[in-house]
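# Got a predicted structure here, sequence first:
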Amino acid sequence: MKVASLGECMIEFSQRSDGSFRRGFGGDTLNTALYLARLGIDTSYVTALGDDPLSEEMLAAWRSENIKTGLVIRASGRLPGLYMIQRDARGERTFLYWRDRAPARDFFELVDRDQLKRLAQFDWLYLSGISLSLYGEAGRARLRELLAATRQNGGKVAFDGNYRPRGWSDAATARRAFSEILPLVDLALPTFEDELALFGNETPDRCIERYRAVGVREIAVKLGPRGCIVTTGGDCIEVPPPKVVEPVDTTAAGDSFNAGYIAARINGAPPREAAAAGHRLAGAVIMLPGAVIPRASMPASVFRSGEKT
């Protein structure tokens, strides 16, 4: 099974406990791609970068993580976006962005038809609400064509709503973009807090009903410390995390959960066990600062008994 993750990677400055900042890289769909690759999934990252040293550094880092980069577009004279993460005493984050001219925003203007045909041959395409916010109306129209072609070829689409208001001109535009994409989604991985902010769903059950109404068959609604609720069209099952921890930094908690869930499903695990795998990985990620934890800090076993490896 081959997965392509679409979106944007930015230069990341993450605040340390002493107030200084560590430079790294990150982006929601890149974080998921990295953890998928660490879990042994054949993963490509799909974006547009500049031709600058920082873009070269990012590509080298992705390749060192076994992420394939053959579909990354290079835009002459452009620079990648940058963001800063500030954390409060509870580990919750505030994000500051410098990304208006990042080439990832123009991916669907830069990509050629042959590259899109290659993308449509993947077994899974993964994207997020942040991906949608990048592309604009014309880009989102081309994205929908890509998703439809992928499904026609037998592939599947996974989508994490990941709503960030600053990425959108207004909430109505975001709701319209989400509503247009959801009929093309096979696996939805929303965070209830985001759904509440964008759609005003009062309960996770109502969120699930909205996804079901447009034909999404598998849904895992992330509930923060409570865990998640999963459904594949039948009963809804609440899956708590194996233990409650005090997070150091919640950056990439949802992204890493998604990677654990998708990897487990690709390897044949049922939804409940896939959710447990997502919790185990996310539980390790939130105990260290930044979106990407060291390889040595990865949990010894994301997959447990009953889950294929």
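Okay, I see it.

# all strands for the stretch 201-309 of the chain, in order.
218-222, 228-231, 237-239 (DSSP state E, counting those that start in this stretch).

# Columns mean pLDDT, mean neighbour count and distance to Val248 on top of those, output as a markdown table?
Every residue, glycine included, has its C-beta placed from N, CA and C. Formatted as a markdown table, the strands of the stretch 201-309 of the chain follow (pLDDT from 0 to 100; neighbours: other C-beta atoms under 10 Å; distance: least, C-beta to C-beta, whole Å):
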| stretch | mean pLDDT | mean neighbour count | distance to Val248 |
| --- | --- | --- | --- |
| strand 218-222 | 98 | 25 | 19 |
| strand 228-231 | 97 | 23 | 21 |
| strand 237-239 | 96 | 16 | 23 |
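
# And the ones you listed: which comes nearest Gly139?
When those are compared by C-beta to C-beta, strand 218-222 sits nearest Gly139, at 25.7 Å.

# outside of the closest one, which residues touch it?
Strand 218-222 is contacted by residues 186-192, 195, 204, 207-208, 211-212, 228-233, 254, 257, 261, 271, 274-275, 278 when judged by C-beta atoms under 8 Å, 6 or more residues apart in numbering.

# Can you flag the buried ones in those?
186-192, 195, 204, 207-208, 211, 228-231, 254, 257, 261, 271, 274-275, 278 (16 or more other C-beta atoms under 10 Å).

# Please narrow those residues to those residing in helices.
Judged by DSSP state H, helices contain the following of the buried ones among the contacts of strand 218-222: 192, 195, 204, 207-208, 211, 254, 257, 261, 271, 274-275, 278.

# what's the most distant pair in the residues you listed?
Largest pairwise distance in these, by C-beta to C-beta, is 20.0 Å, between Glu195 and Ala274.

# what separates the residue nearest to Asn201 when sequence neighbours are not counted from Ala213, distance-wise?
Nearest residue to Asn201 in three dimensions, chain neighbours excluded: Cys207, at 4.3 Å (C-beta to C-beta, 6 or more residues apart in numbering). Cys207 sits at a distance of 11 Å from Ala213 (criterion: C-beta to C-beta, to the nearest Å).

# again with Val157
Taken as C-beta to C-beta, the span from Val157 to Ala213 is 17 Å.

# Same drill for those two, tell me which one is more crowded.
Val157 (22 against 10; other C-beta atoms under 10 Å).

# Dump the helix ranked longest in the chain to CSV, restricted to CA.
The single longest helix within the chain, with elements called by DSSP H, is helix 129-152. Presented in CSV, the C-alpha positions along helix 129-152 are these (Å, rounded to 0.1, in the frame of the first residue of the first chain):
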residue,chain,number,x,y,z
GLY,A,129,-8.4,21.2,6.3
ILE,A,130,-5.2,23.1,6.3
SER,A,131,-4.4,21.5,2.9
LEU,A,132,-7.8,22.9,1.6
SER,A,133,-7.0,26.3,3.0
LEU,A,134,-3.9,26.6,0.9
TYR,A,135,-5.2,26.1,-2.6
GLY,A,136,-7.9,28.6,-3.3
GLU,A,137,-11.0,28.0,-5.3
ALA,A,138,-9.3,26.9,-8.5
GLY,A,139,-6.8,24.7,-6.7
ARG,A,140,-9.6,23.0,-4.7
ALA,A,141,-11.4,22.3,-7.9
ARG,A,142,-8.4,20.5,-9.3
LEU,A,143,-7.9,18.7,-5.9
ARG,A,144,-11.5,17.4,-6.1
GLU,A,145,-10.8,16.1,-9.6
LEU,A,146,-7.6,14.3,-8.3
LEU,A,147,-9.5,12.7,-5.4
ALA,A,148,-12.3,11.5,-7.7
ALA,A,149,-9.8,10.0,-10.1
THR,A,150,-8.0,8.3,-7.2
ARG,A,151,-11.2,6.7,-6.0
GLN,A,152,-12.1,5.7,-9.6
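
# Quick one: list the elements packing against that helix.
helix 28-38, helix 107-110, helix 113-119, strand 124-128, strand 156-160, helix 171-181 (3 or more C-beta pairs under 8 Å, 6 or more residues apart in numbering; DSSP states H and E).
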